[in-house]
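# Let's see this in three dimensions:
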Amino acid sequence: MSKQNFIVIGITLFLALFIINTNAFAISQETEQMLKILEKKNIITDKEAADMRQEMKFSSQAGDKEAYETKLASLLGKWADKIHPGALMEVEAFYEDKNFHAKKDKNTSDLVLATVEFGFDVDIAKHIKASLFFLYEEDATEFDVDQGIITIDGADVVPLYVDLGKMYIPFGRFESHFISDPLTLELGETNESAVVGGFRNNLLELSVGAFNGDIDDDRIDNYLASAVFTLPETTVPDLNLTAGISWVSNIVDSDGLQEMVEEEATIKNHIDGFNTFLIVSFLDRFFFNAEYIGAMENIEMETIGEDESFKPEAWTIELACDVTDSLNLAVCYEGSDDCGDFLPRKQIGGVVSYELFENTSVAFEYLYGTYENKDTRHLMTTQLAIEF
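You can find the predicted model right below:
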């Protein structure tokens, strides 16, 4: 079966599951379109589609949700168990007050559809898996393929794996309880088409990889390596711990640093990047995470008429507590160096999040940051999120 058919099957199954969960048993326009797509792609026959329409009419009249689900599962057959859809939607309202040291202050506010992400994992066959996820971020990211990965692993034979495709390379962990991304993610997250392989079990994950970055993008000459240790659950009761380090051969290819570099600038050299992190939880209620990321040497940049040199780095520390099963409180202290007005030099903040309903949460966040040029920022954000 072609990659296109996998995508069609996944999307139609995703829509079908949504229709079931909203009790929409009548043959709606969306359901009819879904059936036509399945017929066109020869996933079901004309007779099976007709039987499905008849079954849905009967189910709608009888209010029999179980009969509808059974019929849908029989039509999609084995793919219903192989495809695992998921989606995330976040709506945010924010107010930002910037106090500039050398120019007029500026206040901004907005309401945005901050994130729409959906996709699915597919169990193609034993040892072969695929993931395809799409992402949209208002005013930041057009609707596009965010991740498309083919995974080959040894499963029960040998604990080895290879990931190929577009992915977030294993450089940094970026764990956070906040609405806003941690400064470490802003500086170091890298989304590229790559090949990454290694060893993975319940205790240790070792990986190496290669990719062609957007800086000097004429050949595959960027490399990475990472090691992640996870403490076995039985070692210390109620304690979970994960720690890791990673290296990349050219940190300038991170999504954040590419924004810092001027379009007319020329990067004279590849600069290694280093990351380390620690994530700890106790009683599944108290949480601590700390992370550092940065360039290991000065980045030499040539712009029109002058040369520049800088060595960017960022770090973050978070503490969080689940006060109840629905209420979470968290505070952070983070900072950066040699990042100009791209990232705050120091930043503190807090966030309160509450699970309103199953898979539905609301959060309020406040951050205060100061920059290298003595500018300051107050940022308040409210978010409503659903995940299913």
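# List the contacts of stretch 362-381.
Contact with stretch 362-381 is made by 92-102, 178-180, 338-341, 344-354, 356, 382-385, as judged by CB atoms under 8 Å, 6 or more residues apart in numbering. Any C-beta I mention is one placed from the backbone N, CA and C, and that applies to glycine too.
# ends of it, how far apart?
11 Å (CA to CA, to the nearest Å).
# tell me the domain boundaries of this structure?
Split into domains by automatic domain parsing, the chain comes to 3-77, 85-387.
# quick check: longest strand of the protein.
For the chain, the longest strand by residue count, based on DSSP state E, is strand 106-125.
# List the contacts of that strand.
For strand 106-125, using CB under 8 Å, 6+ apart, the contacting residues are 6, 10, 13-14, 81-98, 100, 129-139, 143, 146-147, 383.
# In ChimeraX, select just the buried ones from the residues you listed.
To isolate the buried ones among the contacts of strand 106-125 in ChimeraX, judged by 16 or more other CB atoms under 10 Å, type:
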select :6,10,13,14,82,83,85,87,88,89,90,91,92,94,98,129,130,131,132,133,134,135,136,137,146,147,383
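# Start and end of stretch 361-380, how far apart?
Span of stretch 361-380 from end to end, CA to CA: 17 Å.
# how about it: buried residues?
Quick answer for stretch 361-380 (16+ other CB under 10 Å): 361, 363, 365, 367-372, 375, 377, 379-380.
# How far off centre is that stretch?
Distance of stretch 361-380 from the chain centroid (CA atoms, centre = their mean, to the nearest Å) equals 22 Å.
# can you tell me which of the contacts of strand 106-125 are in strands?
For the contacts of strand 106-125, the ones inside strands are 83-98, 129-137, 143, 146-147, 383, with DSSP E as the criterion.
# pretty sure residue 145 contacts residue 132?
Yes - Residue 145 lies in contact with residue 132 (CB atoms under 8 Å); the separation is 7.1 Å.
# can you map out the strands along the stretch 101-250 of the chain?
Along the stretch 101-250 of the chain, the segments classed as strands by DSSP state E, counting those that start in this stretch run 106-125, 128-137, 141-153, 160-168, 191-200, 204-211, 222-230, 239-248.
# quick one: which of those strands is nearest residue 50?
Among these, strand 106-125 comes nearest to residue 50, with 27.3 Å by CB to CB.
# tell me which residues in that closest one are buried?
In strand 106-125, counting by 16+ other CB under 10 Å, buried: 114, 115, 116, 117, 118, 119, 120, 121, 122.
# ok, now stretch 200-217?
Residues of stretch 200-217 classed as buried by neighbour count (16+ other CB under 10 Å): 200, 205, 207, 209, 211, 212, 213, 215.
# Quick one: low-confidence residue ranges for the stretch 151-300 of the chain.
Confidence mapping of the stretch 151-300 of the chain against pLDDT under 70 gives the ranges 262-265.
# now do 80
Where the stretch 151-300 of the chain drops to pLDDT under 80, the residues are 155-156, 215-218, 259-268.
# what about the closest residue to residue 205 other than its chain neighbours, how many neighbours?
Spatial nearest neighbour of residue 205, chain neighbours left out: residue 228 (4.5 Å); criterion: CB to CB, 6 or more residues apart in numbering. Neighbour count of residue 228, defined by other CB atoms under 10 Å: 20.
# contacting residues for residue 385?
88, 89, 90, 91, 360, 361, 362, 363.
# Which of those sits closest to residue 329?
residue 363 (10.6 Å).
# tell me the contacts of the nearest residue to that closest one once chain neighbours are set aside?
Of all residues not flanking residue 363 in the chain, residue 353 sits nearest, at 3.8 Å (CB to CB, 6+ apart). Listed by CB under 8 Å, 6+ apart, the contact set of residue 353 reads 177, 327, 328, 330, 361, 362, 363, 364.
# Residue 223 too?
Going by CB under 8 Å, 6+ apart, residue 223 touches 208, 209, 210, 248, 249.
# Looking at those residues, which one is closest to residue 294?
Distance to residue 294 across the contacts of residue 223 (CB to CB) is lowest for residue 248, with 11.3 Å.
# Counting neighbours, what do you get for that closest one?
Neighbours around residue 248, by other CB under 10 Å: 30.
# what does residue 258 give?
Residue 258 has 14 neighbours, counted by other CB under 10 Å.
# got the buried residues for the helix or strand harbouring residue 291?
Taking DSSP states H and E as the definition, one finds residue 291 inside strand 286-295. Within strand 286-295, the residues that qualify as buried are 287, 289, 290, 291, 292, 293, 294, 295, counting by 16+ other CB under 10 Å.
# Contacts only, for residue 300.
Neighbours of residue 300 in contact, by CB under 8 Å, 6+ apart: 267, 268, 269, 307, 308, 309.
# does it sit in a helix, a strand or a coil?
strand (DSSP: H, G, I helix; E, B strand; the rest coil).
# Leaving out the residues flanking it, which one is nearest to it?
Using CB to CB, 6+ apart, the closest residue to residue 300 is residue 268 (4.0 Å).
# Just confirm that neighbour contacts residue 303, I think it does.
No - applying CB under 8 Å as the test, residue 268 and residue 303 come out as separate, 11.2 Å apart.
# The longest strand of the chain pairs with which strands?
strand 83-99 (antiparallel), strand 128-137 (antiparallel) (DSSP bridges).
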